[in-house]
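> Output the structure for:
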Amino acid sequence: MSTHGRSRAQCRLLGAAVLFGVFLLGGLTGAVSYRVYRARSVAAKPEPFWTEAGRARSLQKWKQELNLTAEQEREIESILDDFTMYYRSVLSDGRTKILTILNDVQRKKFEKMVLDSSAR
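Have a look, this model is predicted:
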């Protein structure tokens, strides 16, 4: 027995519990910190203006900050629509051309890469 009335086994158990608690708190702190970091980094990188969400946000911001007239807003909206269709066409054509030069294994990997990048 130690001078505080605890056996050696009880001291080891207490030490293991404290160590486990420290690791658990460290893991939770890391997880929370990572979620905060990810939320801030996503918020800091808004959608590009040629995506649906980015288009609406950009148009609203430009309308307010540039004090656009209704006619200017309609014209810019038309330009963004045209650009979005062009951009999607270029992406589709490029993807098709890339797929024609890849073998079957590479195509599968490429398709997965494209899906992974679009999910971000």
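> Give me the nearest residue to Leu14, chain neighbours excluded.
Spatial nearest neighbour of Leu14, chain neighbours left out: Arg6 (7.5 Å); criterion: CB to CB, 6 or more residues apart in numbering. Placement of C-beta: from N, CA and C, glycine included.
> Checking the one you found next. Helix, strand or coil?
Under the three-state scheme (DSSP: H, G, I helix; E, B strand; the rest coil), Arg6 adopts coil.
> Look at it and report its pLDDT.
On pLDDT, Arg6 comes in at 77.
> do you know how far it is from Arg12?
Distance, Arg6 to Arg12, by CB to CB, to the nearest Å: 10 Å.
> Repeat that for Ile79.
According to CB to CB, Ile79 and Arg12 sit 72 Å apart.
> Check Lys63 too.
In terms of CB to CB, Lys63 sits 68 Å off from Arg12.
> Can you pick out the residue with more neighbours from those two?
Lys63 (16 against 11; other CB atoms under 10 Å).
> And for the host helix or strand of that one, what's in contact with it?
Using DSSP states H and E, Lys63 sits in helix 52-66. Contacts with helix 52-66, where a contact means CB atoms under 8 Å, 6 or more residues apart in numbering, come from 46-49, 68, 72-73, 76-77, 80, 84.
> Could you give the separation of that helix from the chain centroid?
21 Å (CA atoms, centre = their mean, to the nearest Å).
> what is the mean pLDDT for that helix?
pLDDT averaged over helix 52-66 gives 86.
> in it, what's buried?
Of the residues in helix 52-66, 55, 58-59, 62-63 count as buried by neighbour count, 16 or more other CB atoms under 10 Å.
> Farthest-apart pair in these, please.
The largest separation in these, counting by CB to CB, is between Arg55 and Lys63 at 12.2 Å.
> check contacts around Ile76.
59, 62, 68.
> roughly how far apart are the closest residue to the last one other than its chain neighbours and Gly27?
So that's Leu68. Leaving aside its chain neighbours, Leu68 sits nearest to Trp62 (6.4 Å; criterion: CB to CB, 6+ apart). To Gly27, Trp62 is 44 Å away according to CB to CB.
> how close does Glu73 get to Gly27?
For Glu73 relative to Gly27 (CB to CB), the value is 50 Å.
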